[in-house]
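>>> What shape does this take:
(one chain, ligands or ions: 1)
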Amino acid sequence: MRNYYIAGNWKMHKTRSEAAELAKALVAQLKDGKHKYLVAPTFTSLETVGAIVKGSNILLGAQNCAPEEQGAHTGEVSVLQLKDLGVQAVILGHSERRHIYKEDDEFINKKVKLALKHGLEVILCVGELLEEREAGRAEAVCETQTVKGLAGVAAGDLGRITIAYEPVWAIGTGKTATPEDADAIHAYIRKVVGKLYGADAAQKIIIQYGGSVKPENAAQLMAKENIDGALVGGAALKADTFVPIAKFG
Ligand code: PEP
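I've put the predicted structure just below:
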């Protein structure tokens, strides 16, 4: 039996005081929540939000990290610096990193391994572009991103990996994959994990769906066999929309 895992990616939104206000509301309103929760504020709000969620049932996540521990990497943030702030998990391979900042699978894989090495959990995002879906390549794209993203990850570390299937055409667009379409890709990703790590690992791995998840569609998505939670962008920016998703059903 897999636990549901609902994560909020706040992207490049909110000042520290705005982030603090949202974090306080979530701590209060999710304290009786039954699932696993995470919020990922911007780097500049991590310390503030970390102090608020500490001791609650909400994990502190970062939206990215550098592929190296330290050094001459202007503008980057190290996994060591994230750990120092109490960060417990990091989102890697988000489509905005892949497509705006041109991060490729090898680069993302370096970060995945580094984050795991330092004890963090990882949410590894995969997902196809609209033209790739229309060309019938959605499964192949997700397979490549999963296989290359997990390259060199030991079976013993897989428990700290969550995969987020985020079709790029559904992110921030208001278009959601149908629960059936999403479930089919989730099942395929689970099969890919099974080929890499065996059937037991495939059954255990948490696969979130991301792409215009809202209070109105969360329960239908989560009812699908292979959908184990959500990575939420826009609707994570307000307690009024994130809490009903986090407490779906
Ligand atoms: C995301 O960016 O991870 C995301 C799923 O965004 P949205 O919910 O706004 O589509």
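>>> Would you pull up the residue in this structure closest to the ligand?
In the chain, the residue that lies nearest the ligand is residue 233 (2.2 Å; C-beta to the nearest ligand atom). (Glycine included, C-beta is placed from N, CA and C.)
>>> wait, doesn't that residue sit right on residue 210?
Yes. Applying C-beta atoms under 8 Å, one finds residue 233 in contact with residue 210, separated by 7.1 Å.
>>> Need the residues touching each of the two.
Common neighbours of residue 233 and residue 210 (criterion: C-beta atoms under 8 Å, 6 or more residues apart in numbering): 9, 171.
>>> Now do the contacts for the residue of the chain closest to the ligand.
9, 11, 171, 172, 210.
>>> swap the cut-off to 7 Å and go again
9, 11, 171, 172 (C-beta atoms under 7 Å, 6 or more residues apart in numbering).
>>> how about the helix or strand that contains residue 189 as CSV, C-alpha atoms only?
Assigned by DSSP states H and E, residue 189 falls within helix 179-197. Taking Å, rounded to 0.1, in the frame of the first residue of the first chain, the C-alpha atoms of helix 179-197 are listed here in CSV:
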residue,chain,number,x,y,z
PRO,A,179,-7.1,10.6,-15.1
GLU,A,180,-7.0,7.7,-17.6
ASP,A,181,-4.2,9.2,-19.7
ALA,A,182,-2.2,10.1,-16.6
ASP,A,183,-2.7,6.7,-15.1
ALA,A,184,-1.5,5.0,-18.3
ILE,A,185,1.8,6.9,-18.2
HIS,A,186,2.1,6.3,-14.5
ALA,A,187,1.7,2.6,-15.1
TYR,A,188,4.3,2.8,-17.8
ILE,A,189,6.8,4.6,-15.6
ARG,A,190,6.1,2.0,-12.9
LYS,A,191,7.0,-0.7,-15.4
VAL,A,192,10.2,1.1,-16.3
VAL,A,193,11.1,1.2,-12.6
GLY,A,194,10.3,-2.5,-12.4
LYS,A,195,12.7,-3.2,-15.3
LEU,A,196,15.5,-1.3,-13.5
TYR,A,197,14.9,-2.4,-9.9
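>>> what about the helices in the chain?
Along the chain, counting by DSSP state H, helices occupy 16-29, 46-53, 79-84, 95-99, 105-117, 130-134, 138-149, 179-197, 199-204, 215-222, 239-246.
>>> Of all those helices, which one is nearest residue 155?
Of all those, helix 179-197 sits nearest to residue 155, with 5.2 Å by C-beta to C-beta.
>>> Show me what the closest one is packed against.
On a contact count with 3 or more C-beta pairs under 7 Å, 6 or more residues apart in numbering; DSSP states H and E, helix 179-197 meets helix 138-149, strand 161-165, helix 199-204, strand 206-209, helix 215-222.
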